[in-house]
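Student: coordinates only, no sequence provided:
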């Protein structure tokens, strides 16, 4: 955890999922969510802010909702393993994104 304002510690982002969908809980307690049956796209967004700030984000785009999951969020590794089970998931796009050091977007999956 990193020190926050007033020497308080900021809670880490977490992401979890089940058979229904994905939920991201932000450090301040706010949530974002997307249901698997409404999921339309999975993208990776990279920034040029690394390595001292999280610079890779999973963008899960749904019909009604979605969530942006920092790659350093607790549970992100397990989320990647689950996303790789989507039919037609493009692992090569994920690999390219992980080595990118500039502002960019990579489409990993889109519902047919």
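Tutor: On my side now, so go ahead. What you see is a predicted model; the values in this text were computed from it and never measured.
Student: for the residue nearest to residue 56 when sequence neighbours are not counted, give me its contacts.
Tutor: Setting aside the residues directly before and after it, residue 56 is nearest to residue 71 in space (CB to CB, 6 or more residues apart in numbering), at 4.0 Å. (Glycine included, C-beta is placed from N, CA and C.) Residue 71 sits next to 54, 56, 57, 58 when contact means CB atoms under 8 Å, 6 or more residues apart in numbering.
Student: roughly how far apart are residue 93 and residue 19?
Tutor: 25 Å (CB to CB, to the nearest Å).
Student: that older thread, mark which of the contacts of residue 71 are buried, thanks.
Tutor: 56, 57, 58 (16 or more other CB atoms under 10 Å).
Student: am I right that the second one is in contact with residue 69?
Tutor: Yes - taking CB atoms under 8 Å as the definition, residue 57 is a contact partner of residue 69 at 6.4 Å.
Student: does residue 79 sit in a helix, a strand or a coil?
Tutor: helix (DSSP: H, G, I helix; E, B strand; the rest coil).
Student: give me the neighbour count for the residue nearest to residue 94 when sequence neighbours are not counted.
Tutor: Excluding the flanking residues, the one nearest residue 94 by CB to CB, 6+ apart is residue 108, at 5.5 Å. Residue 108: 23 surrounding residues under other CB atoms under 10 Å.
Student: residues contacting residue 108?
Tutor: Here residue 108 is in contact with 42, 43, 44, 83, 89, 90, 91, 93, 94, 97 (criterion: CB under 8 Å, 6+ apart).
Student: of those, which is the nearest to residue 64?
Tutor: residue 42 (16.2 Å; CB to CB).
Student: what strand or helix carries that closest one?
Tutor: For residue 42, the host element (DSSP states H and E) is strand 39-46.
Student: quick one: the helix or strand immediately after that strand in the chain to chain centroid distance?
Tutor: Per DSSP H and E, the first helix or strand lying C-terminal to strand 39-46 is strand 56-62. On the basis of CA atoms, centre = their mean, to the nearest Å, strand 56-62 sits 5 Å off its chain's mean C-alpha point.
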